[in-house]
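Participant: okay, predicted coordinates and the sequence, questions at the end:
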Amino acid sequence: MRRTRKEREAEKRAFRNMSKAEKIDHIYTYYKLPIFTVCVILAILLQAGIRALTKKDTVLYLAYANVSFGDTLHEELTGGYMSYSGTDVKKNEFIEFPDLYLSDDASAENHQYAYASKIKVLGAISARQMDVVFLNKEAYDLMSTSGFLMELKGIKGLDALLYQRMEPYITENTVIIEDNSVDYDLGKASEYHAVTEEHTNALNVSSFPMFRRAVMDDDVYVAVIANSPRLPAVLSYLEYLLSAD
């Protein structure tokens, strides 16, 4: 019901005559819901403002499958590139997927970890949020046969000089074009059959200076995810790996 003018004036006089504690109690009792609503809106606006001011652009999405690098090498692979390319570290960042474990022959205690890593890889690739991956031979074989890796011959048409520098380190691996794995797993086929091709889809970077300094036990490969939408940045990053002392 709408209050009359006299009623509103009487309420104002009554409020002025209240003690400070009574005024606080009155405001809390009658206005706590709108006050709470305003506070929530202000908090949301403040959080959105902070995110907008501090949000960084993603340079590349890097993944590490079955390889583990020390702090020095990791800094060379990330901060070193930022310095090399003149990229502002305050406004740009790498998004990384560390400690991925890919294996078709994982032990019982590592099976769940391998499965979780596989799901993470599939999700990131599906979302086009994985660009460059560092791998050991086992992970390289698995990602190659799955068709996840870019055929590097395509780079030749984009940057012939870069491809020429890459060529001594390019490696070849098997890619499954089609197979009957579903029928075989379901018992509908007695033998597994696959149509395969050999693709040049990784670089063996073990001899690169930064990896030699890190004294890696096994060969390390770097590959590009086939559906990466950040190809110019990928090419720049590969050029850095080839150029770094």
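Facilitator: Perfect, I can see it now.
Participant: next SSE after the helix or strand of the chain with the lowest mean pLDDT?
Facilitator: Least confident helix or strand of the chain, by mean pLDDT, DSSP states H and E, is helix 20-54 with a mean of 62. As assigned by DSSP states H and E, the chain's next helix or strand after helix 20-54 is strand 57-65.
Participant: ok, residues contacting that following strand?
Facilitator: The contact list for strand 57-65, computed with Cβ atoms under 8 Å, 6 or more residues apart in numbering, reads 77-78, 81-82, 87, 91-102, 117, 121, 124, 129-136, 139, 143, 230, 233-234, 237. Yep, even glycine has a C-beta here, placed from its N, CA and C like the rest.
Participant: also stretch 99-114?
Facilitator: In contact with stretch 99-114 (Cβ under 8 Å, 6+ apart) are residues 63-66, 68, 117-118, 120-121, 135, 138-139, 142-143.
Participant: what does stretch 75-94 give?
Facilitator: Applying Cβ under 8 Å, 6+ apart, the set of residues contacting stretch 75-94 is 56-62, 69, 96, 134, 210, 236-237, 240, 243-244.
Participant: strands of the protein, residue ranges please.
Facilitator: 57-65, 92-100, 132-135, 170-179, 194-204, 221-224 (DSSP state E).
Participant: what's the model's confidence in the last one, averaged?
Facilitator: Across strand 221-224, the average pLDDT comes to 98.
Participant: stretch 161-170 now?
Facilitator: Confidence for stretch 161-170, expressed as mean pLDDT, is 97.
Participant: may I have it exported as CSV, CA atoms only?
Facilitator: The C-alpha atoms that make up stretch 161-170 are tabulated as CSV, following Å, rounded to 0.1, in the frame of the first residue of the first chain:
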residue,chain,number,x,y,z
LEU,A,161,63.6,-21.1,-45.4
LEU,A,162,62.3,-22.4,-42.1
TYR,A,163,61.5,-25.8,-43.6
GLN,A,164,65.0,-26.0,-45.0
ARG,A,165,66.4,-25.4,-41.5
MET,A,166,64.1,-28.0,-40.0
GLU,A,167,64.7,-30.6,-42.6
PRO,A,168,67.8,-32.3,-41.0
TYR,A,169,65.8,-33.0,-37.8
ILE,A,170,62.4,-34.0,-39.3
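Participant: what comes up buried for it?
Facilitator: Burial within stretch 161-170, assessed by neighbour count using 16 or more other Cβ atoms under 10 Å, is assigned to Leu162, Tyr163, Met166, Tyr169.
Participant: can I get these in TSV with distance to Asp217?
Facilitator: Listed next are the buried residues of stretch 161-170 as TSV, based on distance: Cβ to Cβ, whole Å:
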residue	distance to Asp217
Leu162	29
Tyr163	29
Met166	24
Tyr169	19
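Participant: so which of these are in helices?
Facilitator: Of the buried residues of stretch 161-170, the ones assigned to helices by DSSP state H are Leu162, Tyr163, Met166.
Participant: quick check: closest non-adjacent residue to the second one.
Facilitator: Meaning Tyr163. Distance criterion Cβ to Cβ, 6 or more residues apart in numbering; nearest residue to Tyr163, sequence neighbours excluded, is Lys156 at 4.2 Å.
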